[in-house]
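# Sequence and predicted structure below; questions after.
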Amino acid sequence: MDMDASIHDQARARIEKLLAVDSRGSKLKTYTHVRNFKYIKSVLGGVDENLLDVGVNDILMDLGISSIQVDDSTRGFSVQGDGPLDMRMNPQASLTAEEILNSWPAAEVGKVLREYGEESNWQFIQNQIVEARAQGGLHTTDELVHLVRRASSKSGGKADSLGKNVLEALKEMIPSRDEEIKLKQYK
């Protein structure tokens with residue numbers, strides 16, 4: 001299971017290749033789905049209604065970010081190269097980091113920085129984000145990284161590894177807040 005269709009396709013191709021060279025003549029059944037893991041029950045029920053009762057041997061879910069996504073600056077996950085403030089694990093999802101930074105209430109942005117990014121300098125950075133809105137907003141990862149660096153130097157704090165905590169906080173918000181709860185349920 002993966003929310004990113006391009007990553008899903010790559011993973012499916014690798015799985016199929018591995019199964020093709022399986023010399024044991026395995027009767028292993030595999031199913032791949034472009035879905036969020038929170039829909040695991042409906043995915044299993046869609047494959048075979050009995051799976052919900054009898055279970056499965058293994059489930060492979062991609063729950064994190066991969067180097068493929070980080071290396072592609074157009075995805076907006078990296079501080080290494082400039083890209084849009086996107087950060088969607090599912091490129092078809094509507095909510096982006098740019099929308100969070102430029103339109104959410106300041107208190108909500110602060111909460112994201114504090115709770116998801118564990119950013120010690122969150123209030124000052126929150127205020128800098130609000131000020132940036134008045135100047136046209138934040139639209140690229142480079143703009144955000146520079147804002148975090150400036151905010152950290154002005155406040156006497158240290159830069160959080162070039163803005164990684166801030167980017168991590170935003171990534172955690174996309175696509176939904178309840179994924180952590182759902183993950184704990186399925187563990």
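Received the coordinates, thanks. Residues are numbered from 1 along each chain as shown.
# Give the residue spans of this structure that score low on pLDDT.
For the chain, applying pLDDT under 70 flags the ranges 23-27, 61-64, 152, 154-187.
# mind redoing it with 50?
Applying pLDDT under 50 to the chain flags the ranges 159-162, 175-177, 180, 183, 187.
# Tell me how far the nearest residue to T96 once chain neighbours are set aside lies from A151.
Excluding the flanking residues, the one nearest T96 by C-beta to C-beta, 6 or more residues apart in numbering is D86, at 5.1 Å. Yep, even glycine has a C-beta here, placed from its N, CA and C like the rest. From D86 across to A151, the span is 22 Å (C-beta to C-beta, to the nearest Å).
# So for those two, which sits in the more crowded spot?
A151 (26 against 20; other C-beta atoms under 10 Å).
# Surely that one touches Q128?
Yes. If you go by C-beta atoms under 8 Å, A151 and Q128 touch, sitting 4.3 Å apart.
# R88 against E98, yeah?
No. Look at R88 against E98 with C-beta under 8 Å: they stay out of range, at 10.3 Å.
# For stretch 84-99, output the C-alpha coordinates as PDB.
The C-alpha trace of stretch 84-99 is given here as PDB (Å, rounded to 0.1, in the frame of the first residue of the first chain):
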ATOM      1  CA  PRO A  84       7.400  24.300  -4.400                       C
ATOM      2  CA  LEU A  85       6.000  24.100  -0.900                       C
ATOM      3  CA  ASP A  86       4.100  21.000  -1.800                       C
ATOM      4  CA  MET A  87       5.000  18.000   0.500                       C
ATOM      5  CA  ARG A  88       2.000  15.900  -0.400                       C
ATOM      6  CA  MET A  89       2.600  12.200   0.000                       C
ATOM      7  CA  ASN A  90      -0.200  11.700  -2.400                       C
ATOM      8  CA  PRO A  91       0.300  14.100  -5.300                       C
ATOM      9  CA  GLN A  92      -3.500  14.100  -6.000                       C
ATOM     10  CA  ALA A  93      -4.300  15.300  -2.500                       C
ATOM     11  CA  SER A  94      -5.500  18.900  -2.300                       C
ATOM     12  CA  LEU A  95      -3.800  20.300   0.800                       C
ATOM     13  CA  THR A  96      -0.200  21.500   0.400                       C
ATOM     14  CA  ALA A  97       2.300  23.000   2.800                       C
ATOM     15  CA  GLU A  98       2.000  26.300   0.900                       C
ATOM     16  CA  GLU A  99      -1.700  26.400   1.700                       C
END
